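>>> fold the following.
(one chain, ligands or ions: 3)
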Amino acid sequence: MPPRISLTRYLVEQQRQHNRIPAELRLLLEVVARACKRISHAVNKGALGEVLGTAGSENVQGEVQKKLDIIANEVLIEANEWGGHLAAMASEEMDSIYVVPNRFPQGEYLLMFDPLDGSSNIDVNVSIGTIFSVFRKHHDDPSIIDPVCEKDFLQRGNQQVAAGYCVYGPQTTLVLTVGDGVAMFTLDAELGSFVLTQDNVKIPEDTKEFSINMSNMRHWDAPVKRYIDECLQGKEGPRGKDFNMRWVASMVADVHRILTRGGIFMYPWDKREPSKPGKLRLLYEANPMSWLVEQAGGAAVNGKQRILDVQPGALHERVSVILGSKNEVERVQQYHQEAAQQQA
Ligand SMILES: O=P(O)(O)OC[C@H]1O[C@](O)(COP(=O)(O)O)[C@@H](O)[C@@H]1O
Ligand SMILES: [Mg+2]
Ligand SMILES: [Mg+2]
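Residues are numbered from 1 along each chain as shown. Ligands and ions are numbered 1, 2, ... in the order given. This next block holds a predicted model:
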């Protein structure tokens, strides 16, 4: 068996041998990983830890908060605020940004997270996760000056310096990119550390598996309907092959499957709430997942453009998401372009 490489050693090598990340970013990612370990522990306790059920409150997006949404948010804030590497944080569960109080050391990074993704699966013991994205506070826009403000967070996804997620499933797996491919680390509960179990993750370019909430079919736009209709026709249809369908309803779990064996995941715009561009949030769901998928050789678009090129206008902005195996994502994008040309 090859020697085990811990997340810490992997990050040290990224920093020292390959010069890909500064020491502060390495330390920040170690803090995030430690927080994920604590969340994993709470998830595993389940009913024994009295962490299931709703908290009796709503977040800024009008969603009922589960106890674990709040616990995971607190764990991430608490672990990161005194680390000394951050200027501020933003979360699905907080209305506005959380500036690191000046009693703690300040850093130059911004951390965004969905503390608990797949909340509807918490109480039914199905895989859930944490998604995170890291930016530098300062960037090209000279109009942005201290102190840190919400505008600092409104950077395109292509400016991320690290992104990842931790899936709490049959195993706890942390998946990370710092812009040099994707690596997966499995939590060894006995050692208490994340161990590298797959490096250089690659998504196959073609797939026979799609992932979409089919109950929304009647609300979809024509290009999405066309794509799924063709998949459903199987061998007898224009695609000439049978497709399989999976929908966990936890983006982390659905994306993890795609990084592991390929597939296409879609949460597209639909007619239920036409003014919203989609259901998933750009900054702390779509951007980190899109970068991971691209780093693994896949593609991620919103039907009009690459998700990583979308300029955010608000902290909790939503976006239409189509990501996964490259050739399938490009096909859906092409169907959108054809529909737009017909309308023009
Ligand atoms: O319940 P639906 O409409 O299938 O939506 C499922 C989607 O919503 C989400 O649960 C949204 O994330 P949160 O649980 O963090 O709000 C995604 O993980 C998932 O892909
Ligand atoms: Mg989520
Ligand atoms: Mg969430």
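
>>> tell me where the stretch 101-250 of the chain has helices.
Secondary structure of the stretch 101-250 of the chain (DSSP state H, counting those that start in this stretch): helices at 150-153, 222-232.

>>> kindly reformat the ones you listed as CSV containing mean neighbour count, distance to Met214 and mean pLDDT.
(C-beta placed from N, C-alpha, C; glycine too.) Below are the helices of the stretch 101-250 of the chain laid out as CSV (neighbours: other C-beta atoms under 10 Å; distance: least, C-beta to C-beta, whole Å; pLDDT from 0 to 100):
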stretch, mean neighbour count, distance to Met214, mean pLDDT
helix 150-153, 18, 34, 96
helix 222-232, 18, 8, 98
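
>>> closest one to ligand 2 among these?
helix 150-153 (17.1 Å; C-beta to the ion).

>>> and that closest one, what does it pack onto?
For helix 150-153, the elements it packs on are strand 86-91, strand 109-117, judged by 3 or more C-beta pairs under 8 Å, 6 or more residues apart in numbering; DSSP states H and E.

>>> if we can go back for a sec, now tabulate the helices of the stretch 101-250 of the chain in JSON lines and tack on distance to Val12.
What follows is the helices of the stretch 101-250 of the chain, written out as JSON lines (distance: least, C-beta to C-beta, whole Å):
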{"stretch": "helix 150-153", "distance to Val12": "29"}
{"stretch": "helix 222-232", "distance to Val12": "44"}
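
>>> and of those, who's closest to ligand 1?
helix 222-232 (14.4 Å; C-beta to the nearest ligand atom).

>>> what parts of the stretch 201-344 of the chain come near ligand 1?
Asn213, Ala249, Ser250, Met251, Tyr267 (C-beta under 6 Å from any ligand atom).

>>> of those residues, which is the most crowded?
Within those, most neighbours by other C-beta atoms under 10 Å means Met251, with 26 neighbours.

>>> that residue contacts Gly118, doesn't it?
Yes: contact criterion C-beta atoms under 8 Å: Met251 and Gly118 qualify, at 6.8 Å.

>>> got the contact list for the closest residue to ligand 2 within the chain?
Proximity of the chain to ligand 2 (C-beta to the ion) peaks at Asp117, 3.5 Å away. Neighbour list for Asp117: Ile128, Gly129, Thr130, Ile131, Tyr165, Ser250, Met251, Val252, Glu285 [criterion: C-beta atoms under 8 Å, 6 or more residues apart in numbering].

>>> again, only this time at 10 Å
Residues in contact with Asp117, defined by C-beta atoms under 10 Å, 6 or more residues apart in numbering, are 69, 72, 92, 127-131, 165-168, 250-253, 255, 280-281, 284-285, 289.

>>> could you do Ser40 as well?
So Ser40 contacts Ala72, Gly129, Thr130, Cys166, Val167, Tyr168, Gln171, Thr172, Thr173, Leu174, Leu187, Ala189 (C-beta under 10 Å, 6+ apart).

>>> list, one by one, the residues from the chain near ligand 2.
Counting by C-beta under 5 Å from the ion, the residues of the chain lying close to ligand 2 are Asp114, Asp117.

>>> to Gly313, which of the helices and strands packed on helix 150-153 lies closest?
Proximity to Gly313, assessed across the helices and strands packed on helix 150-153 by C-beta to C-beta, is greatest for strand 86-91 (14.3 Å).

>>> same for the closest one, what does it pack against?
Counting contacts by 3 or more C-beta pairs under 10 Å, 6 or more residues apart in numbering; DSSP states H and E, strand 86-91 packs against helix 23-45, helix 67-81, strand 98-99, strand 109-117, strand 128-136, helix 150-153.

>>> mind doing that once more with 6 Å?
If contacts are counted by 3 or more C-beta pairs under 6 Å, 6 or more residues apart in numbering; DSSP states H and E, strand 86-91 sits against strand 109-117.

>>> and the angle from the strand it packs on to helix 67-81?
160 degrees (axes from the mean of the first three to the mean of the last three C-alpha atoms, to 10 degrees).

>>> need the contact list for the residue of the stretch 201-344 of the chain at minimum distance from ligand 3.
Nearest residue of the stretch 201-344 of the chain to ligand 3: Glu285, at 8.0 Å (C-beta to the ion). Glu285 makes contacts with Asp114, Ile131, as judged by C-beta atoms under 6 Å, 6 or more residues apart in numbering.

>>> same question for Asp188.
Val195.

>>> who's it bridged to?
Ser193 (DSSP bridges).

>>> rewinding a little: gap between the residue of the chain closest to ligand 2 and Val182?
Taking C-beta to C-beta, to the nearest Å as the measure, Asp117 falls 18 Å from Val182.

>>> what do you get for Val321?
Here Val321 is placed at a distance of 18 Å from Val182 (C-beta to C-beta).

>>> if you count surrounding residues, which of those two has more?
Neighbour count, other C-beta under 10 Å: between Val321 and Val182, Val321 has more, with 28 against 25.

>>> pLDDT score for that one?
At Val321, the pLDDT value in this model is 98.

>>> so it makes contact with Asn287?
No: counting by C-beta atoms under 6 Å, Val321 does not reach Asn287; the two are 10.3 Å apart.

>>> got the residues of this protein near ligand 3?
Glu92, Asp114, Leu116, Asp117.
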